[in-house]
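[1] coords below, sequence missing:
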Ligand code: PEP
Ligand code: MG
């Protein structure tokens, strides 16, 4: 069974136990079997199917194949501005895709090897690629790149339809890099844990893993060469460890820990609606980051007031595109209904041009600095207008704040306000009931920090996005493993920026919610409180831990800590000051906590 997982499985010799060190990015312990994910754009793995499912699987493939052909026809036929060269490339892709031998070969692999369509596409396109690469003539040899593109088109199209995900109960997802959309897709099958080679503690994949309570470890070099499908591994998401081929003793030790972790997740919540105060009476409001709809009711029971951040791009599907106005209206209405008078802060789409399906070929060199977030919304305003219309209607008798991502100054806010006014007038003219949402900005790029007073004149509220603020202030890609050591949340530049923004919002008496991962990380909470933050938004699983910290510290002490931090010159010095202070004052509150993402 050439090219399939079967020939990757271990030989029968019992292999030696091997401990691999990485960085902990989601707490917990798990024992399970490795499932390797492949593919960059759409990620997939190999599954076996039963004979009776062959016709369904072949149908799935045919539908996806038709869709990929239609998409290519659209790209090659519709864009008059394209050069002759790009016409010929897309035409060539179509010719390869429409070639009946490729199609027949993929269908025969599904039928004979009893595998899913994704795997059959991989096996067959890998064969084509290998053949092209072996051709001595350079011109023909380079055709393998076209086949790679076609494989990607087919995999994307396979992601567009509904299909059952088959994942064994004890699966440990292993990938070079895991996309948040893949984790969301796989989460319905409750994978036990996640291991990746790259990714930061603030990357969306791990934000989601923490919310789903899936233990995760990242930063293991050459992971995909070290682990094979079916390998038994232990994951320690507290220490950042992966143990391959665990021996009997290790298994016994970790079985106890995994059971403890499982039990702690099943622990009955202690509902509380009491105000959350420090020992000296400073009230702190906890809000919920609404990433998974089902978790909000629990967050409410635990004392969360309203929704501090809803990332509306969760409604966006990379394989289907933007949600319609009515889909958005339904989603936003439900979210705002849940939040009630405490308001829902709904962020407009924070996606990049490279994620839009009708943007074939628009790969950006620096996507984080490219056409994304509010810039993309303003550059292609039809999608913004649709989103604003949905938000205006959902705000009818409901409390919504529209939050714009990646704002760099007052001008973007003015432009969006104009869109809101225009769409409001049009809806009013049609007698469609609408409300008056407030307007707010994510503060997450340095330019926004230094124009904060001017931004405050344009907004009703702010959300402080510490994940991106660290990334952009320090010029460190938050998802890039090789610079993870430079992602220093406690860098003096970050501390000073947080202080500038929080002070300005407090002075202007406009509400500010800290909604980056710092807010839900118990270790950072006293720092944010000391800086003057009074509203923290976080995922449901950290609420109890954060509440415990808040009610065990005094605001006056946190101010002492800030004095020490502000005197420190380097990130190391800040971290040392914080660790010493925590050791001397709050070790009883923070002993079990780790600075997420740090290499142990
Ligand atoms: C942030 O940047 O801190 C934030 C909350 O938004 P996201 O993580 O979605 O970029
Ligand atoms: Mg952000």
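    Great, that's in hand. These figures come from a predicted structure and were not determined experimentally. Numbers count the residues shown, from 1 in each chain. Ligands and ions are numbered 1, 2, ... in the order given.

[2] buried sites along stretch 284-303?
    The neighbour-count check on stretch 284-303 (16 or more other CB atoms under 10 Å) flags 284-292, 295-296, 298-300, 302-303 as buried. Bear in mind the C-beta positions are built from the backbone N, C-alpha and C, glycine included.

[3] most centrally placed residue in the protein?
    In the chain, the residue lying closest to the centroid (CA atoms, centre = their mean) is residue 204, at 2.0 Å.

[4] wait, that one touches residue 180, no?
    Yes. Residue 204 lies in contact with residue 180 (CB atoms under 8 Å); the separation is 4.0 Å.

[5] can you list the weak-confidence ranges in the protein?
    Applying pLDDT under 70 to the chain flags the ranges 1-13, 75-90, 160-164, 268, 357-362, 594-600.

[6] regarding it, what is its longest helix?
    In the chain, with assignment by DSSP state H, the single longest helix is helix 54-78.

[7] what comes up buried for it?
    So helix 54-78, judged by 16+ other CB under 10 Å, has buried residues 57-58, 60-61, 64-65, 67-69, 71-72, 75-76.

[8] can you tell me the strand partners of the lengthiest strand in the chain and which way each runs?
    For the chain, the longest strand by residue count, based on DSSP state E, is strand 29-36. Strand pairing for strand 29-36, determined by DSSP bridges: strand 171-175 (parallel), strand 232-236 (antiparallel).

[9] I'd like those strands as TSV, with mean neighbour count and distance to ligand 2 appended.
    TSV is the format used below for the strands paired with strand 29-36 (neighbours: other CB atoms under 10 Å; distance: least, CB to the ion, whole Å):
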stretch	mean neighbour count	distance to ligand 2
strand 171-175	25	23
strand 232-236	24	27
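
[10] contacts only, for the residue nearest to the centre of the chain.
    By CB atoms under 8 Å, 6 or more residues apart in numbering, residue 204 lies in contact with 180, 311.

[11] how near is it to residue 514?
    Look at residue 204 and residue 514: by CB to CB, to the nearest Å, they are 18 Å apart.

[12] same thing with residue 48?
    Separation of residue 48 from residue 514 (CB to CB): 47 Å.

[13] higher neighbour count, the two?
    Using other CB atoms under 10 Å as the criterion, residue 48 and residue 514 rank with residue 514 on top: 31 against 14.

[14] next one: the nearest residue to the more buried one once chain neighbours are set aside from residue 326, what distance?
    Using CB to CB, 6 or more residues apart in numbering and skipping residues adjacent in sequence, the residue nearest residue 514 is residue 464, 4.6 Å away. To residue 326, residue 464 is 32 Å away according to CB to CB.

[15] more neighbours: which of those two?
    Of the pair residue 464 and residue 326, residue 464 is the one with more neighbours under other CB under 10 Å, namely 29 against 10.

[16] so what's the more buried one bridging to?
    Beta-bridge partners, per DSSP bridges, of residue 464: residue 443, residue 514.

[17] what residues are up against the residue of the stretch 501-600 of the chain found nearest ligand 2?
    The nearest approach of the stretch 501-600 of the chain to ligand 2 comes at residue 516, 7.2 Å away (CB to the ion). Residue 516 sits next to 202, 444, 464-470 when contact means CB under 8 Å, 6+ apart.

[18] same question, residue 43
    So, once contact is read as CB under 8 Å, 6+ apart, residue 43 ends up touching 37, 175, 178-179, 182.

[19] by neighbour count, which of those residues wins?
    In the contacts of residue 43, the most neighbours by other CB under 10 Å go to residue 178, 26 neighbours.

[20] ok so, going back, quick check: the two most widely separated of the contacts of residue 516?
    Spatial extent of the contacts of residue 516 (CB to CB) is set by the pair 202 and 464 at 13.4 Å.

[21] the residue of the stretch 301-450 of the chain found nearest ligand 1: how many residues sit nearby?
    Going by CB to the nearest ligand atom, ligand 1 is nearest to residue 444 of the stretch 301-450 of the chain, at 4.6 Å. Residue neighbour count, defined by other CB under 10 Å, stands at 26 for residue 444.

[22] that one contacts residue 462, correct?
    No. With contact defined as CB under 8 Å, residue 444 and residue 462 do not form a contacting pair (10.4 Å).
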